[in-house]
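S.K.: give me the fold of what follows.
(chains A and B)
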Amino acid sequence: MEFTVGKAELVKELSLTQGVVERKTTIPILSNILCEAVAERLVLTATDLELSIQSSCEAKVKKEGGGTIPAKKLLDLVRLLPEGDIRFKLLENHWVQIISDRRTYKLVGLSKDNFPALPAFPPSLVRIPCKILADLIAKTSFAISSEESRYTLSGSLAILKPEGIVMVATDGHRLALVETDYKFEGLPGEVRTLVPKKALSEIMRLVNEADEDAQIEFGQDESHLFFRLGPRLLISRKLTGQFPNYEAVLPRDNNKVVVLDRNEFQDALRRVSQLADQRSHAVKLTLAREGIELSASSPDYGEAKEAIEREYKGDPISIGFNADYLLDFLATSAEGPISLELKDEQSAGQLRPEGDPSTRYRYVVMPMRI
Amino acid sequence: MPKLAQFRATNAPPPASFATRILHVDMDAFFVSVELLERPELRGKPVVVGGRRDQRGVVSAASYEARKFGIQSALPLRTAARLCPAAVFLPVRHDLYVEYSDRIAAILERYSPIVEMASIDEAYIDLAGTERLHGPPLAAAQKLHDAVRRETGLPCSLGLASTRLVAKVASDQAKPHGLLWVPEGAEQSFLAPLDVRRIPGIGKVTEAALKSLGIGSVGQLAALPAEQLERVFGQWGAALYRKARGQDAYEFVIDAEPKSISHNRTFDTDTVDSELLGSTLSWLCQKAGKRLRDAGLWGRTVTLTLRYAGFTTVTRAKTLREPSNLDAVFLAELRALFAAHWTGKPLRLVGVALTGFTHGPGQMGLLDAGRSEKRERLARAADRLRDRYGFGKIRLGSSLDGDEED
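M.R.: Have a look, this model is predicted:
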């Protein structure tokens, strides 16, 4: 293997792969990145066995072949090099020589034969506009459980239908559900798949690098999900298991409704939650004829009370929520009116933004007993 | 007949009835005294409650005769046997002592509505406002002293003072079977000649630190300025300053809330029997869970204690995402901790502790459709049966071999 590559291109592609490189591992080769010189390209591959990323950039290839180098060390070094071409050459014992002008480095490598092989990309199922996908992920992924033990909740459920996409995530306390209309060409029926949290955040990274109107190609085999965006490929192991029947927990008769302005509600909630109990983050929402009152108290810091005048015709209700859960949702929902829909103190509340016609977004959150 | 006030300050002001109204009741050698009720022939002999003389474990209580040989609580039984070969060793019958403790509490409650059982054999009573029924506090204390003896046959010692701290020190000075009244204003002169160790809260460490400052008696401690104590001991120094003056920070708190609930079991012989260990964990967890529910609390953190042969002790804790009061939830975490941290070497003791208390379960679940509420109702129903028929009558199947009692 011997090739020359521009510094800027290399840094960009290496940075994209860092998220999946294992930092601490009992399998040393997973800390390495696989560099392969093929035709006129350099192909970079990183994997932690759960998630793999492959990307490539143009290179002047003198001799085809490949080697593996410690990924983090390589990026740290390359970042410090001046702009310009960098020459790579595979030495004996799998070492790799790196030359930039009169600077020469040799990195310890491992044989590429020991690097895990990636599964082959199956025929792709659909193409999804990056913008839509990014929006769906942003609106749901915050509600994914961070508890490793809740395995089937550690990803978002994506449902692809010929006429649209549904994405839903829950951690057992709250649930974020977003639906959007999109005509898929040639999708025969409904495809349901659980996408792991980490894969979602890597997709976001790829999408953020892509053009406005780029599309991402999606495919799957028995045990993997495949996403391709231009020369970049993301492969994730599938989450197996049954995602909970989310439709069963969607509130149906929440008839205590008040409509709030997102920014006003968010600002008030942020202030009031400063004085919420540090552990539970509990805030109390009281709906009455005069509007809505937000209150909180903390044994350590004091108490807060704010009123927002709004028309409210339902029966008075006082209900506790984790302020963080509400703020998570408000941060991702569009500006404008938000409808807050309650039933009673023990039942799930629902929030829906009314300002964005392109998606149907609802957030279901269980109250706290306070 | 009880000895009346052993301490009377000269030139004492007339008793301000409301000032010295805190009564501390401390049973004398409680476990031993209860045993002697059934075995009067042992009276006057050195008696040790705790187990057989050759058994693993420690002394729970020793008669005054046994104490003359240097036997005291927490001393290994085998050491006690060496110190006093003639002593009679009796097993611990905890249920029996609880029964007597309850009877004593019932007597104390006749004298005031504010009774705080600080432990199985110790209580604080606020006698304020009981004068029309029972007379001045000193008279009430004497009546109470007689009533406990007459109705249970058990001796106790009483301290009557203006603060809990002085009352406790006084009952200790009154032992055995005495009543000591420290009138208001006499606290300092009462405490001054005593060794600092007599003050509750001052242990070996503080004692040693004070010794190095040349302080041995409470009077010497009281002579130190607050700033110096705070410089040496920090916040604890401020507390020492108050304690040396007989002041304490307590109000009478009825049913004071615990900060942690724990249950331990020491095995008769060190064990590697994972089934026994598993069922013991389950048993201890249920004991702790019931106390948690009885206190109306929810716990967030579970701690597992493992003590190996040779006294190496490991504690490992796990904080739940949300507080719980369900045995099964705690037990699952304990089992995981146990699986992750038990080295497989012989264990001498396992312990379970619950902490991080809240007054409610907090966040409700979206997906379990009331399942945790149902489980809570089940647990409370089981608790009611336990209150009626005994704790061991209702239990998880996983703890069938884990209790010490049967």
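S.K.: could you use CA atoms for every contact and neighbour count after this?
M.R.: Will do.
S.K.: so which helix or strand takes in the residue nearest to A:L118 when sequence neighbours are not counted?
M.R.: Setting aside the residues directly before and after it, A:L118 is nearest to A:S52 in space (C-alpha to C-alpha, 6 or more residues apart in numbering or on different chains), at 7.6 Å. Using DSSP states H and E, the element containing A:S52 is strand A:51-58.
S.K.: residues contacting the next helix or strand after that strand, please?
M.R.: Note on strand A:51-58: by DSSP H and E, the next helix or strand toward the C-terminus is strand A:60-63. Contact with strand A:60-63 is made by A:1-5, A:37-41, as judged by C-alpha atoms under 8 Å, 6 or more residues apart in numbering or on different chains.
S.K.: among the residues you listed, which ones are in strands?
M.R.: A:2-5, A:37-38, A:41 (DSSP state E).
S.K.: out of the residues you listed, who has the most neighbours?
M.R.: Neighbour count (other C-alpha atoms under 10 Å in any protein chain shown) singles out A:A37 as the most crowded of the ones in strands among the contacts of strand A:60-63, with 25 neighbours.
S.K.: need the contact list for the residue nearest to that one when sequence neighbours are not counted.
M.R.: Nearest residue to A:A37, sequence neighbours excluded (C-alpha to C-alpha, 6+ apart): A:E64, at 4.9 Å. A:E64 is in contact with A:1-3, A:36-39, counting by C-alpha under 8 Å, 6+ apart.
S.K.: the same query, at a cut-off of 7 Å, please.
M.R.: A:E64 makes contacts with A:1-2, A:37-38, as judged by C-alpha atoms under 7 Å, 6 or more residues apart in numbering or on different chains.
S.K.: now, among those, which is nearest to B:M27?
M.R.: Comparing the contacts of A:E64 against B:M27 with C-alpha to C-alpha picks out A:A37 as the nearest, at 86.4 Å.
S.K.: other residues contacting the helix or strand containing B:T305?
M.R.: For B:T305, the element it lies in under DSSP H and E is strand B:299-308. The list of residues contacting strand B:299-308 from outside it, by C-alpha under 7 Å, 6+ apart, reads B:313-320, B:322-325, B:330, B:334, B:337, B:346-358.
S.K.: just the ones in strands from those, please.
M.R.: Judged by DSSP E, these include B:313-320, B:322-324, B:347-355 as members of strands.
S.K.: keep only these that also lie close to chain A.
M.R.: Subset of the ones in strands among the contacts of strand B:299-308 in contact with chain A: empty, counting by C-alpha under 7 Å from any C-alpha of the partner chain.
S.K.: for A:P316, see how far away the residue in the stretch 1-150 of chain B positioned nearest to chain A is.
M.R.: Relative to chain A, the nearest point of the stretch 1-150 of chain B is B:E116 (25.5 Å; C-alpha to the nearest C-alpha). Distance of B:E116 to A:P316, given as C-alpha to C-alpha, to the nearest Å: 42 Å.
S.K.: more neighbours: which of these two?
M.R.: More crowded of B:E116 and A:P316, by other C-alpha under 10 Å: B:E116, with 20 against 15.
S.K.: does the more buried one sit in a helix or strand, and which one?
M.R.: Using DSSP H and E, B:E116 sits within strand B:115-119.
S.K.: could you list the paired strands of the helix or strand following that strand along with their orientation?
M.R.: On the C-terminal side of strand B:115-119, the nearest following helix or strand under DSSP H and E is strand B:122-126. Using DSSP bridges, the strands paired with strand B:122-126 are strand B:22-27 (antiparallel), strand B:115-119 (antiparallel).
S.K.: so for the following helix or strand past the longest one, mean pLDDT?
M.R.: It refers to strand B:22-27. Going down the chain from strand B:22-27, the next helix or strand is helix B:30-38, by DSSP H and E. Helix B:30-38 shows a mean pLDDT of 92.
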